[in-house]
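In: sequence first, predicted model second:
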Amino acid sequence: MIFATLEHILTHLSFSIVSIVIAIHLMILSVHEIIGLRHSSEKGMLATFFSLTGLLVIRWISSRHFPLSNLYESLIFLSWSFSIIHMVSKLWNHKNDLSTITAPSAIFTQGFATSGLSSKMHQSAILVPALQSQWLMMHVSMMLLSYAALLCGSLLSVAFLVITFRKNIDIFFRSKNLLILMKSFFFRKIEYLNEKRSVVKSTSFLSFPNYYKYQLIQRLDYWSYRVISLGFTFLTIGILSGAVWANEAWGSYWNWDPKETWAFITWTIFAIYSHTRTNQSLHGTNSALVASIGFLIIWICYFGINLLGIGLHSYGSFT
């Protein structure tokens with residue numbers, strides 16, 4: 001009874017705090033730079049992290065097994081993973097461009113786990129024989145950490161594509177306006193020196209206003225690559241540990257189960273992404289496009305298979 005009450009309190013506390021954090025982020029975006037609010041949002045994410053940590057520990061103690069046995073617990077762990085990625089990125093870089101990704105992702109996953117799933121799925125159950133192994137903590141935690149990191153990195157790549165696309169449109173229309181301006185100069189027979197100064201002035205108009213946008217694009221590209229590389233490492237460890245566990249539980253390292261197949265597809269997509277990053281000619285838009293495709297593949301692997309409820313991993317399904 002005590003554990004259930006504490007779990008209920010921590011669930012709603014963490015959800016409320018991360019909701020406030022998102023509201024603060026929206027205020028920061030609208031007012032550009034409010035130092036006091038920025039510090040409050042960071043403290044809010046820290047409080048969310050500790051609340052979710054306490055929630056997972058309480059479920060661990062009450063159920064006497066690592067809390068990754070059903071979809072509800074995996075969603076809570078995924079939300080916790082978003083918060084820890086936020087904290088690590090904050091320690092790495094004080095600007096923390098990931099904050100606009102991690103906080104909404106945390107509230108989305110926890111909100112769905114709390115309100116979107118039935119109350120029966122919230123209850124911790126006895127582990128099925130296949131899950132009664134020490135590999136549970138290693139395999140499932142690595143997979144969920146990889147999902148969180150890959151989703152964050154992929155969303156940064158999506159933002160990279162959107163900003164780059166808008167930048168190209170702006171440059172196109174500004175170049176078109178520049179040509180119109182040059183034609184008007186020509187028909188008015190303006191002196192060569194004045195025409196040259198006007199062209200230089202117009203060219204600087206194309207370059208300097210885009211400098212900060214260029215910096216943002218570079219930061220998005222930098223962080224997406226770093227976070228996806230981290231997630232790809234976790235994914236590789238998770239798949240390898242899962243293969244060893246499958247051999248112990250089912251007598252085969254690989255069974256081409258739907259979950260295993262889509263995990264392999266996910267790994268292949270981000271392996272292609274890693275390859276594009278090693279090729280200088282494929283940097284930027286091409287690699288970001290591959291990561292954007294990977295965003296959809298991750299959700300199919302994590303959520304789509306659970307919707308079907310088939311295969312050896314059906315214990316994590318909605319039914």
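Out: Arrived safely.
In: what's the domain layout of the protein?
Out: The record's domain parsing of the chain by automatic domain parsing lists 1-115, 137-158+208-319, 166-207.
In: so which bits of stretch 223-239 are buried?
Out: By neighbour count on 16 or more other C-beta atoms under 10 Å, the buried set for stretch 223-239 is 223-232, 234-235, 237-239. Where C-beta positions appear, they are placed from N, C-alpha and C, glycine not excepted.
In: could you do stretch 293-313 as well?
Out: G294, F295, I297, I298, C301, Y302, I305, N306, G311, H313.
In: so the residue nearest to the first one when sequence neighbours are not counted is in which element?
Out: In other words, G294. Take G294 and drop its neighbours on the chain: the residue closest to it by C-beta to C-beta, 6 or more residues apart in numbering is I269, 4.4 Å away. Element membership of I269, judged by DSSP states H and E, is helix 258-278.
In: for the record, mean pLDDT for the helix or strand following that helix?
Out: Per DSSP H and E, helix 258-278 leads on to helix 285-299 as the next helix or strand towards the C-terminus. Helix 285-299 carries an average pLDDT of 91.
In: tilt between helix 285-299 and helix 258-278?
Out: 170 degrees (axes from the mean of the first three to the mean of the last three C-alpha atoms, to 10 degrees).
In: secondary structure element holding G111?
Out: helix 99-111.
In: thought L68 was touching L75?
Out: No. Assessed by C-beta atoms under 8 Å, L68 is found out of contact with L75, at 10.5 Å.
In: how much space separates I237 from T109?
Out: 22 Å (C-beta to C-beta, to the nearest Å).
In: among the buried residues of stretch 223-239, which are in helices?
Out: Those of the buried residues of stretch 223-239 mapping onto helices are 223-232, 234-235, 237-239, per DSSP state H.
In: closest one to L98 out of those residues, please.
Out: W223 (6.3 Å; C-beta to C-beta).
In: so what's the closest one up against?
Out: By C-beta atoms under 8 Å, 6 or more residues apart in numbering, the contact set of W223 is S89, D97, L98, G153, L156.
In: can you tell me which two in the ones in helices among the buried residues of stretch 223-239 are farthest apart?
Out: Top of the distance list for these (C-beta to C-beta): W223 and I239, 24.3 Å.
In: grab the nearest non-local neighbour of I76.
Out: Among residues not flanking I76 along the chain, A113 sits closest, at 5.6 Å (C-beta to C-beta, 6+ apart).
In: spit out the contact partners of the one you found.
Out: A113 touches L71, Y72, L75, I76, S79, counting by C-beta under 8 Å, 6+ apart.
In: distance-wise, check it relative to L55.
Out: The gap separating A113 from L55 is 11 Å, by C-beta to C-beta.
In: just I237 next, same as before
Out: Using C-beta to C-beta, one gets 25 Å for the distance from I237 to L55.
In: once you drop chain neighbours, what's closest to F82?
Out: A106 (4.2 Å).
In: any idea how far that neighbour lies from H283?
Out: Taking C-beta to C-beta, one finds A106 at 30 Å from H283.
In: next up, the contacts around G294.
Out: G294 sits next to L150, S154, I228, T266, I269, F270, Y273 when contact means C-beta under 8 Å, 6+ apart.
In: secondary structure class for the first one?
Out: Read it as L150. Following DSSP: H, G, I helix; E, B strand; the rest coil, L150 is assigned to helix.
In: OK, contacts around the residue nearest to G294?
Out: I269 neighbours (C-beta under 8 Å, 6+ apart): V290, I293, G294, I297.
In: what helices and strands are in contact with the strand or helix carrying S51?
Out: Take DSSP H and E as the rule and S51 turns out to sit in helix 35-63. Applying 3 or more C-beta pairs under 8 Å, 6 or more residues apart in numbering; DSSP states H and E, one finds that helix 35-63 contacts helix 2-31, helix 71-92, helix 99-111.
In: compute the inter-axis angle for that helix and helix 99-111.
Out: 30 degrees.
In: what angle do helix 35-63 and helix 71-92 make?
Out: Relative orientation of helix 35-63 versus helix 71-92 (the same axes, to 10 degrees): 140 degrees.
In: what residues sit buried inside helix 35-63?
Out: Buried, per 16+ other C-beta under 10 Å, within helix 35-63: 38, 41-42, 44-49, 51-52, 54-56, 58-60, 63.
In: what of stretch 148-163?
Out: Those would be 148-161, for stretch 148-163 by 16+ other C-beta under 10 Å.
In: repeat that for stretch 278-297.
Out: Neighbour-count burial for stretch 278-297 flags L282, G284, S287, A288, L289, V290, A291, S292, G294, F295, I297 (criterion: 16+ other C-beta under 10 Å).
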